[in-house]
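Peer 1: pasting the structure only:
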């Protein structure tokens with residue numbers, strides 16, 4: 001049942017480890033690579049957002065979710081949690097970007113159409129092809145991310161496994177209770193909201209903005225709820 005997710009996590013792990021061996025490349029190369037990555041990330045975000053069917057629902061989802069995220073101070077709590085983990089496993093103190101790398105990589109690998117659709121396909125039909133393909137792509141991206149951002153990229157496999165694993169378990173039952181049309185709308189909602197977050201990551205990587213992406217995470221939940229309500233109205 002979890003074969004696709006396990007493969008996805010392993011490819012990120014191996015890609016990240018390989019990328020760490022190239023972390024000492026000259027800074028000008030790193031900067032050039034990071035700019036290239038950032039532009040591709042922005043493109044991916046825009047491509048995901050292009051699937052949105054209602055700009056109004058997307059805006060409501062993001063605004064309401066962001067308000068919740070700010071009130072809960074998710075970004076601050078997540079950073080404190082990551083710093084605690086860093087202290088526990090004795091990562092070198094000079095690697096100060098571990099938390100940023102972890103958050104960026106997690107959102108990039110977790111929030112996306114392939115992650116959601118692949119997990120649902122694994123749970124509903126036992127077909128792991130989508131997650132296998134995603135795994136190969138993520139392994140290459142993890143290699144590049146680790147080269148420029150460091151070891152924090154590797155830790156993203158923990159939330160990735162938890163998210164996809166939970167979705168796979170849910171998918172074994174979800175098709176009995178949720179109409180396929182509504183399920184498709186929910187996937188579009190998650191993908192479009194995720195696209196905005198990916199777009200924000202790309203802008204942050206370019207140092208154009210300093211968006212607390214973690215505080216946008218509740219927008220995924222509010223997007224699902226709003227889609228569900230709108231579907232039955």
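Peer 2: That came in fine, so what should we check first? This one's a predicted model, so the numbers in the text were calculated from it and none came from an experiment.
Peer 1: Tell me the helix or strand right after the longest helix seen in the chain.
Peer 2: Counting by DSSP state H, the longest helix found in the chain is helix 180-205. Downstream of helix 180-205, the next assigned helix or strand under DSSP states H and E is helix 218-232.
Peer 1: quick one: that following helix to chain centroid distance?
Peer 2: Chain-centre distance of helix 218-232: 19 Å, with C-alpha atoms, centre = their mean, to the nearest Å.
Peer 1: what's the model's confidence in the longest helix of the chain, averaged?
Peer 2: When pLDDT is averaged over helix 180-205, the result is 85.
Peer 1: Just list what it packs against, helices and strands only.
Peer 2: If contacts are counted by 3 or more C-beta pairs under 8 Å, 6 or more residues apart in numbering; DSSP states H and E, helix 180-205 sits against helix 27-49, helix 55-72, helix 98-110, helix 113-125, helix 218-232. The way it works is simple: take the backbone N, C-alpha and C, and place the C-beta from them, glycine included.
Peer 1: quick one: contacts for the residue sitting nearest the centre point of the chain?
Peer 2: By C-alpha atoms, centre = their mean, the mean C-alpha position of the chain lies nearest to residue 107, the distance being 2.3 Å. Residues near residue 107 by C-beta atoms under 8 Å, 6 or more residues apart in numbering: 194, 197-198, 201, 213.
Peer 1: Going by distance to residue 228, which of these wins?
Peer 2: residue 194 (17.4 Å; C-beta to C-beta).
Peer 1: May I ask you to confirm that that closest one is in contact with residue 48?
Peer 2: Yes - counting by C-beta atoms under 8 Å, residue 48 is a contact partner of residue 194 at 5.9 Å.
Peer 1: more crowded one of those two?
Peer 2: More crowded of residue 194 and residue 48, by other C-beta atoms under 10 Å: residue 194, with 27 against 23.
Peer 1: what about this protein, any weak spots by pLDDT?
Peer 2: Within the chain, the ranges that satisfy pLDDT under 70 run 82, 85-96, 112-113, 175.
Peer 1: Kindly present the helices and strands packed on helix 180-205 as JSON lines, with separate columns for distance to residue 170.
Peer 2: Formatted as JSON lines, these follow (distance: least, C-beta to C-beta, whole Å):
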{"stretch": "helix 27-49", "distance to residue 170": "21"}
{"stretch": "helix 55-72", "distance to residue 170": "20"}
{"stretch": "helix 98-110", "distance to residue 170": "15"}
{"stretch": "helix 113-125", "distance to residue 170": "7"}
{"stretch": "helix 218-232", "distance to residue 170": "12"}
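Peer 1: Which strand or helix spans residue 22?
Peer 2: Under DSSP H and E, no helix or strand contains residue 22.
Peer 1: which ones are touching it?
Peer 2: By C-beta under 8 Å, 6+ apart, the neighbours of residue 22 are 143, 147.
Peer 1: gap between it and residue 76?
Peer 2: 32 Å (C-beta to C-beta, to the nearest Å).
Peer 1: Determine how far stretch 202-222 lies from the middle of the whole chain.
Peer 2: Distance, stretch centre to chain centre, for stretch 202-222: 11 Å (C-alpha atoms, centre = their mean).
Peer 1: That stretch: which residues count as buried?
Peer 2: Within stretch 202-222, the residues scored as buried using 16 or more other C-beta atoms under 10 Å are 202-205, 211-220, 222.
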